[in-house]
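1. Kindly generate the corresponding structure for this input.
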Amino acid sequence: MLSRLLLSGFLILIPFSSELGNAGFVQLDGAPPSKIAVVGAGIGGSATAYFLRQHFGPEVRIDVFEKGTVGGRLATVTVNNQDYESGGSIIHSLNLHMQDFVKQLGLKYRKSVAGKMAVFNGEEIILEETDWYLLDLFRLWWRYGISFIRMQMWVEEIMEKFMRIYKYQAHGYAFSSVEELLNSLGGSGFLNMTRRSLSESLLELGVSQRFIDEVISPIMRVNYGQNISIPAFVGAVSLAGAQANLWAVEGGNKLVCSGLLKLAKANLIPAQVTAVSLQTAGESHQYRLGYSSQNEQVSEVYDIVVVATPLQQNVRSGISFQDFDPQFTEMPGSYHQTTASIVHGYLNCSYFGFPDPKLFPFSSILTTDTQGLFFNSVASVCPVNISAGFRRKPPQEAGVYKVFSPRPLEKPELKTLFRSYYSVQVTDWQAYPHYGSAQGLPPVVLHDNLYYLNGIEWAGSAMEMSSVAAKNIALLAYHRWSRQLEMIDQKDLMHKIKTEL
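-> Residues are numbered from 1 along each chain as shown. Model (predicted):
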């Protein structure tokens with residue numbers, strides 16, 4: 001039960017449609033675009049290139065700029081000649097875009113390795129998974145009453161509405177803003193959920209404070225590194241996979257990104273984009289991208305540009321927008337720092353109340369929002385390539401662990417969690433938005449034929465969210481270019497689709 005509730009890693013939960021609809025090429029009075037630029041080669045940018053190719057056809061040139069490594073927040077580190085996920089690590093069984101990508105690329109699902117989870121409050125284990133499903137259910141009921149059922153019904157109702165995106169995208173409909181997308185799915189209720197806290201919404205449903213503190217809070221800490229004050233919609237994204245299986249890609253999730261770029265026949269340009277300048281000729285707009293390549297400043301002109309990297313100040317995208325009126329400013333808000341430490345060593349089971357490591361039954365420990373706790377979770381992790389005879393190392397043997405914490409762990413903290421260790425590899429992520437005070441949802445359309453993908457993360461940050469945003473932007477760019485405005489921001493779409501059928 002808990003293994004379905006308490007999820008380790010950057011989470012990917014909402015189900016989306018992978019249907020492509022009726023893709024076509026621009027054949028109206030205007031010529032098709034000759035060059036399209038995508039800035040960023042994470043899952044959002046690579047999926048955007050893939051969908052743009054499908055909708056604009058084989059002739060358009062698609063350049064994808066990446067200043068770092070393809071994959072972005074999907075990344076691995078190597079320990080003893082084995083690779084481990086240091087970024088986004090798990091995918092929901094109903095993430096149909098991701099499932100379709102894996103199928104198209106001929107990739108394989110990674111073998112899952114069973115393990116139990118528990119919740120630690122800084123002093124003791126307060127909730128633990130057993131080998132008996134019915135016993136776990138009884139314990140949840142005994143400790144929390146029907147709070148679990150109320151939470152589950154709430155999430156299922158939200159997901160039932162959100163799943164309408166399947167049909168909308170399959171029929172080729174697009175949205176010019178995150179607000180329009182959410183409103184078409186769940187009306188004002190979804191928009192309100194981006195403005196009120198998760199704890200407030202759950203308490204209103206009759207979910208107990210104890211359940212929120214001991215079950216919901218640990219999930220938010222491991223998935224978003226934040227507490228239950230995050231918006232209710234983000235919380236629902238996190239909780240949506242409570243009753244579903246999780247999976248990952250054999251060889252590493254980042255293989256999806258490199259594979260999509262190949263399928264898109266995109267030109268990968270390893271360069272830092274430094275400037276986007278508006279070029280106006282009559283009523284038409286183009287964009288000159290300036291970028292640094294091999295210590296030289298280069299620029300090229302594009303008909304359509306998609307920015308698939310965060311533009312918040314603390315992410316330091318390095319992109320300046322020039323010759324726009326009014327002038328662009330950086331997006332409001334900031335990204336939340338999460339540190340992933342991959343530690344090869346011996347877990348200190350005594351810290352969790354098990355002096356004999358042979359009796360320690362858990363593969364993952366999540367934590368409550370307790371003052372003084374310096375980590376969000378610690379979990380025994382498996383390599384991205386799992387052989388037939390692979391087994392998870394028991395605690396009395398040296399294993400590989402992933403620790404999520406709000407900042408890099410200091411030596412005394414490492415010594416608290418581990419009896420001893422051989423190596424520590426630290427990755428500091430600006431992993432997801434910092435869901436603080438309401439700052440609104442960033443725009444999708446920055447200017448005519450200039451789009452911003454990462455605004456979707458402020459509704460919910462996940463691989464599949466970026467993928468559905470990529471599909472939406474590809475549809476939006478195609479319809480706006482070909483002046484098919486009837487396919488954008490349509491009202492009462494469910495009725496329209498039923499009429500079409």
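
2. could you pull out the helices for the stretch 151-300 of the chain?
-> Assigned by DSSP state H, counting those that start in this stretch, the helices in the stretch 151-300 of the chain fall at 164-170, 178-193, 198-205, 209-211, 217-224, 232-239, 255-263.

3. Please compute how far the shortest one lies from its chain's middle.
-> So the one you mean is helix 209-211. 27 Å (C-alpha atoms, centre = their mean, to the nearest Å).

4. Repeat that for the fifth one.
-> Helix 217-224 sits 14 Å away from the centroid of its parent chain (C-alpha atoms, centre = their mean).

5. Measure how it sits relative to helix 198-205, angle-wise.
-> 140 degrees (axes from the mean of the first three to the mean of the last three C-alpha atoms, to 10 degrees).

6. Nearest to Gly389 among the helices of the stretch 151-300 of the chain would be which one?
-> Nearest to Gly389 among those is helix 255-263 (23.1 Å), distances taken as C-beta to C-beta. C-beta coordinates here come from the backbone N, C-alpha and C atoms, glycine included.

7. avg pLDDT for the closest one?
-> Helix 255-263 shows a mean pLDDT of 98.

8. other SSEs contacting it?
-> Applying 3 or more C-beta pairs under 8 Å, 6 or more residues apart in numbering; DSSP states H and E, we find helix 255-263 packed against helix 43-56, helix 96-105.

9. Mind splitting the protein into its structural domains?
-> For the chain, automatic domain parsing gives the domain ranges 2-11+75-159+184-252+335-433, 35-72+253-334+436-500.

10. Nearest approach to Val298 belongs to which of the helices and strands packed on helix 255-263?
-> Of the helices and strands packed on helix 255-263, the one closest to Val298 (C-beta to C-beta) turns out to be helix 43-56, at 19.2 Å.

11. Can you give the distance of the closest one from its chain's centre?
-> 17 Å.

12. for stretch 65-73, same thing?
-> 15 Å.

13. Any buried residues in that stretch, and which?
-> 65-67, 70-73 (16 or more other C-beta atoms under 10 Å).

14. Also stretch 484-497?
-> Buried residues in stretch 484-497, counting neighbours by 16+ other C-beta under 10 Å, are found at 484, 487, 489-490, 493, 497.

15. For these, give me a markdown table that also has distance to Asn472, secondary structure and pLDDT.
-> A markdown table is the format used below for the buried residues of stretch 484-497 (distance: C-beta to C-beta, whole Å; DSSP: H, G, I helix; E, B strand; the rest coil; pLDDT from 0 to 100):
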| residue | distance to Asn472 | secondary structure | pLDDT |
| --- | --- | --- | --- |
| Gln484 | 14 | coil | 95 |
| Met487 | 11 | helix | 96 |
| Asp489 | 11 | coil | 96 |
| Gln490 | 13 | coil | 93 |
| Leu493 | 13 | helix | 88 |
| Ile497 | 16 | helix | 83 |
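
16. pLDDT (mean, whole number) over the longest strand seen in the chain?
-> Counting by DSSP state E, the longest strand found in the chain is strand 418-433. The pLDDT scores in strand 418-433 average 95.

17. and the angle from that strand to helix 217-224?
-> 70 degrees.

18. looking at the domains of the chain, which is closest to His171?
-> Comparing those under C-beta to C-beta, the one sitting nearest is domain 35-72+253-334+436-500, at 5.7 Å.

19. Now for Tyr287: which residues touch it?
-> Shown in contact with Tyr287 (C-beta atoms under 8 Å, 6 or more residues apart in numbering): 37, 276-279, 301-303, 305, 449-450.

20. just to revisit the earlier point, can you add distance to His171 and give the domains of the chain back as TSV?
-> Listed next are these as TSV, based on distance: least, C-beta to C-beta, whole Å:
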stretch	distance to His171
domain 2-11+75-159+184-252+335-433	12
domain 35-72+253-334+436-500	6
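
21. and the buried residues of stretch 484-497, which two are the farthest apart?
-> Gln484 and Ile497 (16.4 Å).

22. Remind me what the host helix or strand of Val301 packs against, helices and strands.
-> Secondary structure from DSSP states H and E places Val301 in strand 296-302. Using 3+ C-beta pairs under 8 Å, 6+ apart, the elements in contact with strand 296-302 are strand 35-39, strand 272-281, strand 284-293.

23. ok but Gly345 is inside a strand, no?
-> Yes: counting by DSSP: H, G, I helix; E, B strand; the rest coil, Gly345 falls inside a strand.
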